[in-house]
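1. when you get a sec, could you give me coordinates for this:
(chains A and B)
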Amino acid sequence: AQKITQTQPGMFVQEKEAVTLDCTYDTSDQSYGLFWYKQPSSGEMIFLIYQGSYDEQNATEGRYSLNFQKARKSANLVISASQLGDSAMYFCAMTSYPNAGGTSYGKLTFGQGTILTVHP
Amino acid sequence: EPEVTQTPSHQVTQMGQEVILRCVPISNHLYFYWYRQILGQKVEFLVSFYNNEISEKSEIFDDQFSVERPDGSNFTLKIRSTKLEDSAMYFCASSVTFGGTTGELFFGEGSRLTVL
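-> All right, here's what the predicted structure looks like:
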């Protein structure tokens, strides 16, 4: 079974500063993927970034980077230069690839989310 | 930018009624999903669908639920006899593949179901 834990129910950051949203995971599978999604107040889920368990480099997408520490089973999201539009709920999620063909069937396990508020 | 679209955005129904939620996935995607989010709770996987059949489903996805791709563009979730606990936001998603770096799921804006 997989588990995602986000221990920060809410975070506050000043505009233009960096913020780290914590995520730890648990899985017995050797091959897995980690995702971060953003959910604004309008409700849609927006994909931000992906990290594969065998990727040696930390994933980066623009102002988003994923601080992947495999031994600690953590996959923290770092948002640099926060903007007011970053205020939203952020979900960490994972999927496992238990089959030799790398098939996860798209089954993501989500954490409980962290509400980020960016102050001007 | 291509997107997943869902209708209706909000539906209110009486307990015991049938509900159909509709989704139009991104056109070149082959894999489709339904997730739900009960208010204040985690997003939960319901079902994945590929090649006109269910690939995997969760324990939530019981006999009251069914999915269908009736016409090659729409992907529907049917709840046969709604219960109060079915009240949730239902998200449709699609992806190019099931796994790997291209396996990211693209979600729609959700359909909020309220069962009275």
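
2. ok, is stretch B:108-116 in contact with chain A or not?
-> Yes: residues of stretch B:108-116 contacting chain A under C-beta under 8 Å from any C-beta of the partner chain: B:108-110, B:112. All C-beta spots, glycine's among them, are computed from the backbone N, C-alpha and C.

3. now that stretch: buried residues?
-> For stretch B:108-116, the neighbour count (16 or more other C-beta atoms under 10 Å in any protein chain shown) marks B:108-113, B:115 as buried.

4. again with stretch B:39-52
-> Of the residues in stretch B:39-52, B:42-50 count as buried by neighbour count, 16+ other C-beta under 10 Å.

5. where do the strands sit along chain A?
-> Ranges of strands within chain A are A:3-5, A:10-14, A:19-21, A:24-26, A:32-39, A:46-52, A:60-61, A:64-69, A:74-79, A:88-96, A:109-110, A:114-119, based on DSSP state E.

6. in a markdown table: those, plus distance to B:Ser87, mean neighbour count and mean pLDDT.
-> Shown next, in a markdown table, are the strands of chain A (distance: least, C-beta to C-beta, whole Å; neighbours: other C-beta atoms under 10 Å in any protein chain shown; pLDDT from 0 to 100):
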| stretch | distance to B:Ser87 | mean neighbour count | mean pLDDT |
| --- | --- | --- | --- |
| strand A:3-5 | 24 | 16 | 96 |
| strand A:10-14 | 25 | 13 | 97 |
| strand A:19-21 | 28 | 20 | 98 |
| strand A:24-26 | 29 | 16 | 97 |
| strand A:32-39 | 18 | 23 | 92 |
| strand A:46-52 | 24 | 19 | 91 |
| strand A:60-61 | 34 | 12 | 94 |
| strand A:64-69 | 33 | 18 | 97 |
| strand A:74-79 | 30 | 22 | 98 |
| strand A:88-96 | 19 | 24 | 94 |
| strand A:109-110 | 19 | 21 | 94 |
| strand A:114-119 | 22 | 17 | 97 |
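
7. quick one: these as TSV, columns for distance to B:Ser95 too.
-> TSV is the format used below for the strands of chain A (distance: least, C-beta to C-beta, whole Å):
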stretch	distance to B:Ser95
strand A:3-5	19
strand A:10-14	29
strand A:19-21	23
strand A:24-26	20
strand A:32-39	11
strand A:46-52	10
strand A:60-61	17
strand A:64-69	19
strand A:74-79	19
strand A:88-96	10
strand A:109-110	16
strand A:114-119	24
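
8. point to the residue nearest the middle of the chain.
-> As the question left the chain open, I've gone with chain A. Centroid-nearest residue in chain A, with C-alpha atoms, centre = their mean: A:Trp36, separated by 3.1 Å.

9. try again with chain B
-> Centroid-nearest residue in chain B, with C-alpha atoms, centre = their mean: B:Trp34, separated by 2.8 Å.
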